[in-house]
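Asker: prediction below, plus the sequence it came from.
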Amino acid sequence: MQVKIALFGITKEIIGSSKLKYELGENADVNNLLERLKADYPALQNLNSLLIAINDEYAQAEQVLSEQDEIALIPPVCGG
Amino acid sequence: MQVKIALFGITKEIIGSSKLKYELGENADVNNLLERLKADYPALQNLNSLLIAINDEYAQAEQVLSEQDEIALIPPVCGG
Amino acid sequence: MVTITEAPINTQEVIAAVQADGAGAINVFIGTVRNQTQAKPVVQLDFEAYDSMAVKKMQEIADQAKAKWPIQKVAVVHRKGPLQIGDAAVVIAVSTPHRKASFEACEFIIDTLKQVVPIWKKEIFEDGAVWVAAHP
Amino acid sequence: MVTITEAPINTQEVIAAVQADGAGAINVFIGTVRNQTQAKPVVQLDFEAYDSMAVKKMQEIADQAKAKWPIQKVAVVHRKGPLQIGDAAVVIAVSTPHRKASFEACEFIIDTLKQVVPIWKKEIFEDGAVWVAAHP
């Protein structure tokens, strides 16, 4: 399946785009996606934290992805 | 000596005026004044607290009064 | 800015008074007139102040706060006279480099103000009036 | 009122949004852009937000605060885009019957916002820029 990932802040700079399309195996979960991303973009490994949001909610490592999900990569937040 | 006492809030209502002139013996202190006031206006005895300010500062019980002092009677405060 | 006023307090002006380039945080406390006290409807509030001493005490409290926290600027404005429901009776603003100190200092100032500043509040009900905190 | 905006935040409007006849206290927190960070001069700040999720998380935090304290009304407004020294990045206002809860709830909201709301801050110096908190 193909997922679209929204990128923000430093992850946008590391990956060089505000959106990313990614081919994943069926039943790929959040962990699989994070591993792939860290392998393809090693600079992501240096971040304080890296989370995945699915449909505006922080996702657990085992949550399975689907093509319809709105997926976002969340580097360390710092509002306020 | 004669002292002038400024009155506020409930003490102004109890005494029925915003200013009071009082004859005191020489070397009268804060305690003497409070005792006299509570004797002359017994309703003052029912207050949660009753303090004397001299020249814009809370006074100690033994502080001696003088005619030049700006004296005020301070019932329980409740700003804010 | 430490004052007593009979005019409505301009909150924006009080906040502007504590703006500072070195401040990352501003905490503002606004004490407003509630429509009830202990479940009894309040019609109006009357504040009376011993102006000269009140301003002196408010300034002392501001100085105490400055000694305890790294405050950039502080402003304390108290209103007196008749106030209606919703009116601001007091506005306190504190600016600090980081946020925690702004909360602590602002709360210290309002807590201490209520204990020592010679200002009195009369609550006016439909059927009478009472000087707040006067009696046990 | 829980929003993200690119326009300057109107603090007076945010405060007006939490006015309530049953409120005796309003606490307001304003996060402003400091002229330095760890002693290094800051020229400008850029805030980026994942808008839909950020608003959802801000609303969740406001709801959590309402469950913990007797809040009358709450408002949370965060700005994004380029900000200059002194600009307000976030304004939070909470109204409660009594003052202690207003301080506690407002501090809870800003503390939690900084931990979970997907907003990012880039500090721009004379000689470079850094995404705050990104690296150990």
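Answerer: Noted; the coordinates are in hand. Numbers count the residues shown, from 1 in each chain, chains lettered A, B, ... in the order given.

Asker: from here on, contacts and neighbour counts on C-alpha atoms
Answerer: OK.

Asker: correct me, but C:R79 touches C:V2?
Answerer: No - with contact defined as CA atoms under 8 Å, C:R79 does not reach C:V2; the gap is 11.3 Å.

Asker: more crowded one of the two?
Answerer: A count of neighbours by other CA atoms under 10 Å in any protein chain shown puts C:R79 above the other of C:R79 and C:V2, at 25 against 17.

Asker: tell me the contacts of the more buried one?
Answerer: Neighbouring residues of C:R79 by CA atoms under 8 Å, 6 or more residues apart in numbering or on different chains: C:4-9, C:47, C:88-90.

Asker: show the model's pLDDT score for the residue sitting nearest the centre point of chain C.
Answerer: The centroid of chain C falls nearest to C:V90 when counting by CA atoms, centre = their mean (3.0 Å). Note on C:V90: pLDDT of 98.

Asker: for C:Q36, same thing?
Answerer: 86.

Asker: quick one: residues contacting it.
Answerer: Counting by CA under 8 Å, 6+ apart, C:Q36 has contacts C:42, D:22.

Asker: bridge partners for it, pull those for me.
Answerer: The residues listed as beta-bridge partners of C:Q36 by DSSP bridges are C:P41.

Asker: return the distance of it relative to C:V132.
Answerer: 13 Å (CA to CA, to the nearest Å).

Asker: then A:D56?
Answerer: Counting by CA to CA, the gap from A:D56 to C:V132 is 49 Å.

Asker: of these two, who's got more company?
Answerer: The neighbour comparison of A:D56 against C:V132 (other CA under 10 Å) goes to A:D56, with 20 against 16.

Asker: how about the more buried one: what's its closest non-neighbour residue?
Answerer: In space, and not counting its chain neighbours, A:D56 is closest to D:M53: 4.4 Å by CA to CA, 6 or more residues apart in numbering or on different chains.

Asker: and that neighbour, what pLDDT?
Answerer: Note on D:M53: pLDDT of 98.

Asker: residues near the residue lying closest to C:T112 once chain neighbours are set aside, how many?
Answerer: Spatially, and ignoring its direct neighbours in sequence, C:T112 is nearest to C:I61 (7.1 Å; CA to CA, 6+ apart). By the criterion of other CA under 10 Å, C:I61 has 20 neighbours.

Asker: how near is C:I61 to C:E123?
Answerer: 26 Å.

Asker: picking that back up, which of the contacts of C:R79 fall in strands?
Answerer: C:4-5, C:47, C:88-90 (DSSP state E).

Asker: most widely separated two among those residues?
Answerer: Using CA to CA, the ones in strands among the contacts of C:R79 span at most 12.5 Å, a distance reached by C:I4 and C:A88.

Asker: in chain C, which residue sits nearest chain B?
Answerer: C:M53 (4.4 Å; CA to the nearest CA).

Asker: next SSE downstream of the strand or helix carrying that residue?
Answerer: Element membership for C:M53, per DSSP states H and E: helix C:51-68. Counting by DSSP H and E, the next helix or strand C-terminal to helix C:51-68 is strand C:73-79.

Asker: buried set for the helix or strand following that following strand?
Answerer: Next helix or strand after strand C:73-79 toward the C-terminus (DSSP H and E): strand C:81-83. Residues C:82-83 are the ones in strand C:81-83 that count as buried (16 or more other CA atoms under 10 Å in any protein chain shown).

Asker: do any residues in the helix ranked longest in chain A lie close to chain D?
Answerer: Of all the elements of type helix in chain A, the one with the most residues (DSSP state H) is helix A:30-40. No - legend: contact between helix A:30-40 and chain D by CA under 8 Å from any CA of the partner chain is lacking; minimum distance shown is 15.0 Å.

Asker: so what touches that helix?
Answerer: With contacts defined as CA under 8 Å, 6+ apart, helix A:30-40 is touched by A:24, A:44-45, A:52, A:59-65.

Asker: tell me the average confidence for it?
Answerer: Helix A:30-40 carries an average pLDDT of 97.

Asker: just the CA coordinates for whichever helix or strand comes after that helix, please, in PDB.
Answerer: Going down the chain from helix A:30-40, the next helix or strand is strand A:51-54, by DSSP H and E. Below are the C-alpha coordinates for strand A:51-54, written out as PDB (Å, rounded to 0.1, in the frame of the first residue of the first chain):
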ATOM      1  CA  LEU A  51       6.400  10.000  16.900                       C
ATOM      2  CA  ILE A  52       3.800   9.200  14.400                       C
ATOM      3  CA  ALA A  53       0.300  10.800  14.400                       C
ATOM      4  CA  ILE A  54      -2.600   9.100  12.700                       C
END
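
Asker: list the buried residues of strand A:51-54.
Answerer: Across strand A:51-54, burial judged by 16+ other CA under 10 Å covers A:51-54.

Asker: and C:V28, how far is that from chain D?
Answerer: Distance, C:V28 to chain D, by CA to the nearest CA, to the nearest Å: 5 Å.

Asker: give me the pLDDT for that residue.
Answerer: Looking at C:V28, its pLDDT reads 98.

Asker: do I have it right that it meets C:I92?
Answerer: Yes - contact status for C:V28 versus C:I92: in contact at 5.5 Å, counting by CA under 8 Å.

Asker: pull up the overlap in contacts between the two.
Answerer: Common neighbours of C:V28 and C:I92 (criterion: CA under 8 Å, 6+ apart): C:C106.

Asker: where does chain A get nearest to chain C, residue-wise?
Answerer: For chain A, CA to the nearest CA, closest residue to chain C: A:G80, 9.5 Å.

Asker: just to be sure, that residue is in a strand?
Answerer: No - A:G80 is assigned coil when assessed by DSSP: H, G, I helix; E, B strand; the rest coil, not a strand.

Asker: that one: what's it in contact with?
Answerer: A:G80 sits next to D:31, D:78, D:89-90, D:110, D:113-114 when contact means CA under 8 Å, 6+ apart.
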